[in-house]
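Q: here is a sequence together with a model predicted from it:
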Amino acid sequence: MNVTRIILAALAATVVYFIIGGLVFTRASMRNEFMKYQSVYRSQEAMKGVMPIGMVGMLLSMLALAVLFAMIHPAGGSVAAGAEFGAIVGVYALGSFVLHNHVNLNIGAKLTVYQAIAYFVEWVAVGVVISRVYR
């Protein structure tokens, strides 16, 4: 495993994750769904105070994923391998985060479906970015 490539892949994946998240989660339809559950989710203003914690958390997550990818593909992998890796992570996130939160949080099915689609797309993109940077 190449530590420099792992770190660069994790940084690039974090940037892409936040760019896609910013594009998807700020869409009016998604934002409107979140607004229905103001007692469950922080306001945009309140999120600003804790956003650095989330950013560090995502960077740590991307670092873990870059290490896993490097363990699976020590010499690097193709775009298809990255997409496959991202899809597996996306399915994991769907079960462990999206559906789990639908049970634990008082949110509707529409928001759950929006989140499922958005997170799956994010994770596939992250897998592709990791595969492209770690090569």
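A: Right, received. Where do you want to start? Numbers count the residues shown, from 1 in each chain.
Q: report the longest helix in this protein, please.
A: Counting residues, the longest helix found in the chain (DSSP state H) is helix 44-72.
Q: check which helices and strands the next helix or strand after that one sits against.
A: As assigned by DSSP states H and E, the chain's next helix or strand after helix 44-72 is helix 79-93. Contact analysis of helix 79-93 by 3 or more Cβ pairs under 8 Å, 6 or more residues apart in numbering; DSSP states H and E lists helix 44-72, helix 109-133 as its packing neighbours. Backbone N, C-alpha and C define where each C-beta goes, glycine included.
Q: okay, buried residues for helix 79-93 please.
A: With burial defined by 16 or more other Cβ atoms under 10 Å, the residues of helix 79-93 counted as buried are 81-86, 89-90, 93.
Q: stretch 96-112 too?
A: So, applying 16+ other Cβ under 10 Å, buried residues of stretch 96-112: 98, 102, 107, 111-112.
Q: what mean pLDDT does stretch 3-15 have?
A: Averaged across stretch 3-15, the pLDDT comes to 97.
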